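Asks: need a 3D model of the sequence below.
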Amino acid sequence: MERPKRKLAAIMFTDIAGYTVLSAKDEEKAYALIGKQREILKPIVSEFGGEWLKEMGDGLLLCFPSSKQALNCAIKIQHTLREIDELNIRIGIHQGDILIKDGDIFGDDVNVASRIEPFSAVGGIAISDKVDRDISSSPEFETKFISQPSLKGVRQDVKVYCITSHQLPETEITKVTAKLEKDVKKLWFNQKFILSTIVILFIAVSGIYLFFPKEQEVEVPSIGMLMMENLGNNKDEFWTRGITEDLIIKVAGAGLIRVVPMREILDIDPNATIDEIAKKLRVMYILTSSMHKKEDGFDLRCQLIETVSGRSVYAKKWSEPLEDVATIVGQLANNILSSLNVSSQEDLTMPLTTNPEAYEFYIRAKYKYQKRKTKEDIVVVRNLLNKALQMDNNLIQAKIMLGETFLSTDQYDNAMEIFEQCLEQSTTLGNKKAIAGSLHQIGVIHDHKGNYEKAMDYHIQSLKILEEQNDMRRAGSLNWIGRIYGWTGDYDVAMDYFEEALGLSHKLQDEAGISYCFYLIGNNYSERGNYHRAIEYYNKSVSIASEIEMIRQIIKSYKGISIAHEGEGSYDEALNYYSKSLMLDEKSGNKWSIAETNHFIGRTFFYKNNFLDAKKSFHTAYKIWVDLNQDKKVLRTLSWLTLAILELGDSSEETETIDTLNSVLKNTTPYKEDVIIVNWNLYQVYSTIEKTELAANHLQVAYEEVMNRANRFNEQLDRKAYLNNIKINRDIIETFQRVEE
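Replies: Residues are numbered from 1 along each chain as shown. This next block holds a predicted model:
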């Protein structure tokens, strides 16, 4: 028995149209047709690197190293068979994992491919959305969306397309309605059989599904936990806010439940009605609560309301002594989940600490950190966290937060030391959630340092724990892993992770998560130079984010659309979307985002040769980055600002700005993703002031990084597209080659 082999492949199924009828009429002729198919098709399959895996009557199962090879083979097959009587075939292609063992082939993706083939026109080709994405950067292929059918025996959500280029016949929707999802079937029916159609619709409306069995999905419970009302002194607000956030985190990590994140809760109008809040948050349940802090303890009250009926599912009024303050969150989380019949694999009642003073310092630190405005605020936060840890060194969440304060200011070595301590400590304590959190943060540090292989290892370990815990927040880990694959040029694998996260978000009916996944998919297309598809997905993200008033996501997606328009050379359109983004930035008051948008606006003005407006925007961004202590962002913006000043020819400003740039360069290295653009800018700066050796050094770094990223592509065509589609790549390569000559 051979050892099973698993590999990623493009899977092709073929089927001869009308073969069953022919076989009934003339068995010998039908048998001869199978031989003829084998004789004609085997050399073509071999020509395109395919494997002839299996013959199943008149059907074939083939696999290929890539989607493009499979599709080019399928096109040649259909062109070759056009003149051969009765050898008319349908072809279906899907891309995914297959397992080959003992001469047979297995896997869910094999099943998907077999279910796609019937959606092909006779003489045509049907493909899955995975194949459609694989070929999206190749303009010679044109496709048309057919539908998203419910494929029998398939757990994946699969969209089906047909190839419309290369003179191939297009799938006629009316001929495949029996294979499509219910909504599409309603749109297409044959008037010759209208009476039977009405009968079928009547049966469906009547709720008789005996003829159409369908697995019913259980609706995932969703809850919005509103900010706990502070009935005591204003100085006690840190208690209510801290407990609310800890409660949200605790319940969100418990299992199959959607919990509205804190950022959305903060946007709620305190004067809105329960119905208005439920509609805005898109939830089945709302938790209201209040706290009155007294000298020796707390008086608490809460009510869990079912939003449709308005009935109270759970209500409680109780008091807690000061020494038991840390148990409030766990008890409340446990009672909420019990009322909603949601099970959890962890003991929710376990407090973060048994030391009330340590917990108070931790809660105070969290509140201060969320309200921070200056560098001094972060120092205060660290002091509070250190006091908490002095009282209880096992308060892991305080230690993780301490690490985050260093990570947020790019102090990676300090952050790494703290997170490694957290990992060791949480492992000793058996705290799975803290282990997953520590692994994730270590992965993030490696991300920022450009150590992508190490980062991937830590993120995957974190994801595994979250999966074991059935923590529905694992969509975040899936997206992080997808982003790393994207940064390393493996866009197809990145897309697989984004789609898995998208599926999880759909399961939770998490529209914010869905919007974010669409944004990341847009980034994926933009980074590979497919700007048209990128804009399509950014607009999907904006559409959902607008419905739920998720301003931060709208801003991100507008910026993505702008960058894609820049890539196409449509600078005025880019500025249009940047201006929309900036209006929302200023409305929200998010300084970090205001700086980033101004930076991008400056870059677009620079591309338009409007150096004066470019300088103004870069200068605005630069000042904010300095105030926020974002040294790496300072370096990126300052490199552009210096270029704009040099273009304007103001000698007094030139000297001062270049001196500042040299000073920043001594102590700062760019983010890994900024290596190319920062070094390219520095090459241009030093070339302009005739420091040729420095210029050559920075050009070398930029060129090597471009080629390193290009070499991560698996196929020569994709590598070529990456080098040609992105303007800065072409500029750097051409300049480097010219300098070398």
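Asks: please make it C-alpha for all contacts and neighbour counts, starting now.
Replies: Fine.
Asks: now for the chain, the helix or strand with the poorest mean pLDDT.
Replies: Every helix and strand of the chain was ranked by mean pLDDT, DSSP states H and E. The lowest is helix 182-185, at a mean of 38.
Asks: who does the longest helix seen in the chain touch, helix- and strand-wise?
Replies: Ordering each helix of the chain by length in residues (DSSP state H) puts helix 27-47 first. Packing partners of helix 27-47 (3 or more CA pairs under 8 Å, 6 or more residues apart in numbering; DSSP states H and E): helix 19-25, strand 51-56, helix 67-81.
Asks: show me what contacts Thr327?
Replies: Thr349, Met350, Pro351 (CA atoms under 8 Å, 6 or more residues apart in numbering).
Asks: give me the nearest residue to the first one, chain neighbours excluded.
Replies: Distance criterion CA to CA, 6 or more residues apart in numbering; nearest residue to Thr349, sequence neighbours excluded, is Gly330 at 4.0 Å.
Asks: give me phi/psi at that neighbour?
Replies: phi -60, psi -50 (degrees, to the nearest 10).
Asks: next one: the one 10 residues further on
Replies: With angles defined as degrees, to the nearest 10, Leu340 shows backbone torsions of phi -100, psi 0.
Asks: how far away is the nearest residue to it once chain neighbours are set aside from Gln509?
Replies: For Leu340, ignoring the flanking residues on the chain, the nearest one in space by CA to CA, 6+ apart is Pro221 at 7.4 Å. Per CA to CA, to the nearest Å, Pro221 is found 9 Å from Gln509.
Asks: what touches both of these two?
Replies: With CA under 8 Å, 6+ apart, Pro221 and Gln509 have common neighbours Arg258.
Asks: buried stuff in stretch 599-615?
Replies: 599-606, 610-615 (16 or more other CA atoms under 10 Å).
Asks: same thing with stretch 612-631?
Replies: 612-622, 624-625, 628-631.
Asks: if we can go back for a sec, in JSON lines: the helices and strands packed on helix 27-47, plus mean neighbour count and distance to Ile135.
Replies: Converted to JSON lines, those look like this (neighbours: other CA atoms under 10 Å; distance: least, CA to CA, whole Å):
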{"stretch": "helix 19-25", "mean neighbour count": "14", "distance to Ile135": "31"}
{"stretch": "strand 51-56", "mean neighbour count": "14", "distance to Ile135": "21"}
{"stretch": "helix 67-81", "mean neighbour count": "20", "distance to Ile135": "7"}
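Asks: of all these, which lies closest to Trp680?
Replies: Ranking the helices and strands packed on helix 27-47 by proximity to Trp680 (CA to CA) places helix 67-81 first, at 34.1 Å.
Asks: report all helices and strands that that closest one contacts.
Replies: Using 3+ CA pairs under 8 Å, 6+ apart, helix 67-81 is in contact with strand 5-16, helix 27-47, strand 89-101, helix 129-134.
Asks: can you list those in a markdown table and add distance to Ile248, mean pLDDT and mean neighbour count?
Replies: Putting these into a markdown table (distance: least, CA to CA, whole Å; pLDDT from 0 to 100; neighbours: other CA atoms under 10 Å) gives the following:
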| stretch | distance to Ile248 | mean pLDDT | mean neighbour count |
| --- | --- | --- | --- |
| strand 5-16 | 39 | 84 | 21 |
| helix 27-47 | 55 | 89 | 15 |
| strand 89-101 | 37 | 84 | 23 |
| helix 129-134 | 36 | 88 | 20 |
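Asks: what about the helices in the stretch 151-300 of the chain?
Replies: Counting by DSSP state H, counting those that start in this stretch, the stretch 151-300 of the chain has helices at residues 182-185, 194-205, 237-252, 262-265, 274-281.
Asks: which one of the ones you listed has the poorest average confidence?
Replies: For the helices of the stretch 151-300 of the chain, mean pLDDT drops lowest on helix 182-185, to a mean of 38.
Asks: where in the chain is pLDDT low?
Replies: Within the chain, the segments meeting pLDDT under 70 span 1-6, 24, 100-104, 106-108, 150-156, 173-219, 712-727, 741.
Asks: mind giving me the domain split of it?
Replies: 5-175, 222-351 (automatic domain parsing).
Asks: want to throw the ones you listed into a markdown table with distance to Leu648?
Replies: Putting the domains of the chain into a markdown table (distance: least, CA to CA, whole Å) gives the following:
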| stretch | distance to Leu648 |
| --- | --- |
| domain 5-175 | 39 |
| domain 222-351 | 43 |
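Asks: mind checking which of those domains is nearest Gly529?
Replies: That would be domain 5-175 among those, by CA to CA, at 7.7 Å.
Asks: ok, now which ones touch the nearest residue to Glu142 once chain neighbours are set aside?
Replies: Spatial nearest neighbour of Glu142, chain neighbours left out: Ser165 (5.0 Å); criterion: CA to CA, 6+ apart. By CA under 8 Å, 6+ apart, Ser165 lies in contact with Glu140, Phe141, Glu142, Thr143.
Asks: in PyMOL, how would I select just the buried ones from those residues?
Replies: Selection of buried members from the contacts of Ser165 for PyMOL, criterion 16+ other CA under 10 Å:
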select buried, resi 141+143
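Asks: okay, now stretch 441-457: how far is its last residue from its first?
Replies: Terminal-residue distance, stretch 441-457 (CA to CA): 12 Å.
Asks: not counting its own residues, what contacts that stretch?
Replies: 407, 412, 415-416, 419-420, 458-459, 481, 484, 488, 671-672.
Asks: between those residues, which is nearest Asp97?
Replies: Ile481 (18.5 Å).
Asks: contact partners for that closest one?
Replies: Here Ile481 is in contact with Met456, His459, Ile460, Ala494, Tyr497 (CA under 8 Å, 6+ apart).
Asks: continuing past the particular helix or strand that has the third one in it, what's the next helix or strand?
Replies: Spelled out, it's Ile460. In the assignment (DSSP states H and E), Ile460 maps to helix 452-468. Using DSSP H and E, the helix or strand that directly follows helix 452-468 along the chain is helix 474-487.
Asks: quick check: angle from that next one to helix 452-468?
Replies: 160 degrees (axes from the mean of the first three to the mean of the last three CA atoms, to 10 degrees).
Asks: circling back: does the residue nearest to Thr349 touch Leu337 like I think?
Replies: No. In this structure, Gly330 is not within contact of Leu337 by CA atoms under 8 Å, at 10.8 Å.
Asks: which non-adjacent residue is nearest Val160?
Replies: Per CA to CA, 6+ apart, closest to Val160 is Ser128, 4.7 Å.
Asks: okay, now that neighbour: neighbour count?
Replies: Residues contacting Ser128 under the criterion other CA atoms under 10 Å number 22.
Asks: let me see the contact set for it.
Replies: Contacts of Ser128 were listed using CA under 8 Å, 6+ apart, and they are Ile93, His94, Gln95, Ala113, Ile116, Val158, Lys159, Val160, Tyr161.
Asks: same question, His506
Replies: Ile514.
Asks: next one: the one 4 residues further on
Replies: Going by CA under 8 Å, 6+ apart, Asp510 touches Arg258.
Asks: ok, it to Ser339 distance?
Replies: Using CA to CA, one gets 21 Å for the distance from Asp510 to Ser339.
Asks: now swap in Gln78 and tell me
Replies: Distance from Gln78 to Ser339, by CA to CA: 60 Å.
Asks: what distance do you get for Ala436 to Asn334?
Replies: Ala436 is 21 Å from Asn334, where distance means CA to CA.
Asks: give me the more crowded residue out of those two.
Replies: The neighbour comparison of Ala436 against Asn334 (other CA under 10 Å) goes to Ala436, with 23 against 20.
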